[in-house]
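Engineer: Any chance you can model this:
(chains A and B)
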Amino acid sequence: MLIAKEICDRYTDNELVEETLRNVDFLSCIYGRYEKRLLRFITRISSLDAEEARDVLQDAFIKVWKNLNAYDPSVKLSSWIYRIVRNETIAQWRRMTGYGKVRMVPITEKMESALPELLDDRDLSEEGMLVLHQLVDGIPVKYREVIVLKYFEKMNYDEISDVLKIPEGTVAVRLNRGRKMVGKLIREQKIDFKSLP
Amino acid sequence: MGQAEEIIDRIRSEEIRPRPKWQIVARRTAFRVAWILAIVLGSISFSVILYVVREAEYDLLAHAGHSRLEMILALLPLIWIVFVLVFLALSIFGFKRAPRGYKYSFRKIFGISTVSSMVIGTLFFLVGGGQFAERAMESSFDSYKGVSQRKIEIWSQPDHGFLSGKIISVEPSVLSILDFSGKEWNIPYADAFIAGRVELVRDEQVKLIGKMLDQQTFTASEIRPWGRGDGKGPGMGRGIGPGKGQNKGGHHPQNRKRGHE
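Structural biologist: This is a model prediction of the structure:
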């Protein structure tokens, strides 16, 4: 039996972990709290469709349950769950599309041009965000996932570091390179975000 | 049915259980222990390197001629350098796998592990740990050549101009010595440089630089004391020559002590 949302809302993340270990029904509280964000995250880093994303999320939450004793409260629960979901997404995507080969845009030359400020633009229209998602979709996944976590999931460096299990310095480097790649795509495709509806 | 319900139903129907806490704690502890152990073993190896380097016969290099590289390689504690590198790699692996180890860059972990091994290794060396570990290795593995054995090998090459031995008689211009293999040599030394610490008396252990004239004669150009070490000097180590305990060793208390073992 699922736990009512009002009851779930009384618990902090860490309390929910403890409750879930006592009663698996509380897993629905954790699921409900992060479902939308995680589904969005899956589709952004992988371009899986909604149905496939749900399957991935289900498998990921089975892993959350299996590894719940390994959760370290010094890391935010959201970061820990994002990590599991990210790994599951990548594994699933590899099986489905030959991850890392098919979708990559071969951007190899060093880009020295100015960084795009676009990713920091909070006033971007819905259409603009859609175009931006498609552009981010065109860069290698190790840069894409950092950009998605930073700009679309609004995580800070520490949280991204916890999700991807890489040092914060590496997060910064990948973010910088990813921004340059997106900037190059914008210039190549001559997209004017200001003119979008 | 919502997806949360589906997940919980699946967990119940397939009787999926969380991994036991003890397994997780054991895994985390194993990586922490691996890191600490690797640091400790790396430190010990580093202390042995310091000991071997201190004991190395650098003055030989000046006489090595075209075989200088060979001599340098012979003086280097290569096996211990390999040990240090292996334990360094293990410590980096252990650190990276420990909880929150991913927060540190490779460069930082490398720095922390290297500095830790060097500092602890130096302290270990200063209290004599390097020498102890080196001897333990030597006595445990027959194939391992310790400092003393390597020293003997280096100084038992009369055809290359290096000879060592125990003085068995002293004449005004000729010494007789018994080398490590128990062979007797006549040593004309009239023109030789004699290091200040050498006493040309019976039972004194010396090392010689010079030239082999024939199978019994070696002209010395330099005579040096056998030096500090473990007393396994010429004619001491394999029950040949005058034997253990007869080492005068006046300049080297360690030698005297070991000579009675």
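
Engineer: For the rest of this, base every contact and every neighbour count on C-alpha atoms.
Structural biologist: Noted.

Engineer: Mind telling me which residue is nearest the centre of chain A?
Structural biologist: residue A:41 (3.8 Å; CA atoms, centre = their mean).

Engineer: who are the neighbours in contact with that one?
Structural biologist: A:148, A:149, A:153 (CA atoms under 8 Å, 6 or more residues apart in numbering or on different chains).

Engineer: again, 10 Å this time
Structural biologist: A:35, A:47, A:53, A:82, A:85, A:86, A:89, A:145, A:148, A:149, A:152, A:153 (CA atoms under 10 Å, 6 or more residues apart in numbering or on different chains).

Engineer: Please identify which helix or strand holds it.
Structural biologist: Per DSSP states H and E: residue A:41 is located in helix A:27-46.

Engineer: Test my guess that residue B:117 contacts residue B:41.
Structural biologist: Yes: contact status for residue B:117 versus residue B:41: in contact at 8.4 Å, counting by CA atoms under 10 Å.

Engineer: Give me the more crowded residue out of the two.
Structural biologist: Applying other CA atoms under 10 Å in any protein chain shown to residue B:117 and residue B:41 shows that residue B:117 carries more neighbours, namely 26 against 19.

Engineer: What residue, apart from its backbone neighbours, is nearest that one spatially?
Structural biologist: Nearest non-adjacent residue to residue B:117, counting by CA to CA, 6 or more residues apart in numbering or on different chains: residue B:43, 4.3 Å away.

Engineer: next structured bit after the helix or strand hosting the one you found?
Structural biologist: Using DSSP H and E, residue B:43 maps to helix B:21-55. Remark: after helix B:21-55, the chain's next helix or strand is helix B:68-75, criterion DSSP H and E.

Engineer: That next one versus helix B:21-55: what angle between them?
Structural biologist: Angle of helix B:68-75 versus helix B:21-55, following axes from the mean of the first three to the mean of the last three CA atoms, to 10 degrees, is 130 degrees.

Engineer: I'd like the contacts of residue A:41 as TSV, with neighbour count, pLDDT and distance to chain B appended.
Structural biologist: Below are the contacts of residue A:41 laid out as TSV (neighbours: other CA atoms under 10 Å in any protein chain shown; pLDDT from 0 to 100; distance: CA to the nearest CA, whole Å):
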residue	neighbour count	pLDDT	distance to chain B
A:35	18	94	9
A:47	17	71	21
A:53	22	91	12
A:82	24	96	16
A:85	25	96	14
A:86	23	94	16
A:89	25	92	17
A:145	26	91	17
A:148	22	88	20
A:149	22	91	17
A:152	17	83	23
A:153	15	87	20
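
Engineer: near chain A, which residues of the stretch 101-250 of chain B?
Structural biologist: For the stretch 101-250 of chain B, the contact set with chain A under CA under 10 Å from any CA of the partner chain comprises B:101, B:102, B:103, B:104, B:105, B:106.

Engineer: mind listing what the single nearest residue of chain A relative to chain B touches?
Structural biologist: Among all residues of chain A, residue A:66 sits closest to chain B, at 3.9 Å; criterion: CA to the nearest CA. By CA under 10 Å, 6+ apart, the residues touching residue A:66 are A:60, B:11, B:16, B:17, B:18, B:19, B:20.

Engineer: need the strands for the stretch 151-261 of chain B, in chain order.
Structural biologist: B:162-170, B:174-178, B:184-188, B:193-194, B:205-212, B:218-225 (DSSP state E, counting those that start in this stretch).

Engineer: Please convert the ones you listed to a markdown table, extending it with distance to residue A:23.
Structural biologist: Shown next, in a markdown table, are the strands of the stretch 151-261 of chain B (distance: least, CA to CA, whole Å):
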| stretch | distance to residue A:23 |
| --- | --- |
| strand B:162-170 | 80 |
| strand B:174-178 | 84 |
| strand B:184-188 | 88 |
| strand B:193-194 | 87 |
| strand B:205-212 | 80 |
| strand B:218-225 | 79 |
